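Colleague: everything below, folded, please.
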Amino acid sequence: MKLLLVHHDEATREVLAQALRLRDLVVDVATTASEATELAGLGEHGVVLVSRVLAEATSDGLGVIDALALELLSPPPVVVLATPHTEASPA
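Modeller: Numbers count the residues shown, from 1 in each chain. Sure thing, here's the model as predicted:
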């Protein structure tokens with residue numbers, strides 16, 4: 001399976017990507033909503049894993065969920081990653 005990992009924190013992103021690759025998954029990585037949309041438009045990703053920080057719209061622009069929905073005809077499923085004891089995301 002090919003997946004797209006979108007995370008704002010470099011160290012966390014690399015640890016997650018490495019762990020997923022050890023399970024024979026193909027992992028593309030992005031750090032912003034625009035990078036995620038560009039990569040998702042190029043490849044057949046079975047799922048997008050995105051940090052909660054980047055999932056939702058911010059004052060800087062669209063979050064990953066909205067960007068994918070607006071830019072792609074058929075966006076892949078999105079799983080929002082959060083730390084333990086984090087309030088549920090409205091997305």
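Colleague: from now on I want contacts and neighbour counts done on CA atoms only, so please keep to that.
Modeller: OK.
Colleague: any idea which helix or strand carries Leu5?
Modeller: strand 2-6 (DSSP states H and E).
Colleague: what does the following helix or strand past that strand contact?
Modeller: Later in the chain than strand 2-6, the nearest helix or strand by DSSP H and E is helix 10-21. Residues outside helix 10-21 that contact it (C-alpha atoms under 8 Å, 6 or more residues apart in numbering) are 5-7, 26-27, 29.
Colleague: quick one: which of those residues is most hemmed in?
Modeller: In terms of neighbours by other C-alpha atoms under 10 Å, these top out with Val6 at 27 neighbours.
Colleague: quick one: pLDDT of that one?
Modeller: pLDDT for Val6: 97.
Colleague: show me what it bridges to in the sheet.
Modeller: Beta bridges link Val6 to Ala30, Val50, judged by DSSP bridges.
Colleague: how close does Thr83 sit to Arg52?
Modeller: 9 Å (C-alpha to C-alpha, to the nearest Å).
Colleague: typo on my end, it should be Ala11
Modeller: Going from Ala11 to Arg52 by C-alpha to C-alpha gives 16 Å.
Colleague: looking at those two, which has the bigger crowd around it?
Modeller: For Ala11 versus Arg52, neighbours defined as other C-alpha under 10 Å are more numerous around Arg52 (21 against 10).
Colleague: so the more buried one makes contact with Pro84?
Modeller: No. Arg52 is beyond contact range of Pro84, at 11.9 Å (criterion: C-alpha atoms under 8 Å).
Colleague: point to the helix or strand of this structure where mean pLDDT is at its lowest.
Modeller: Using mean pLDDT, DSSP states H and E, the weakest-scoring helix or strand in the chain turns out to be helix 52-55, at a mean of 90.
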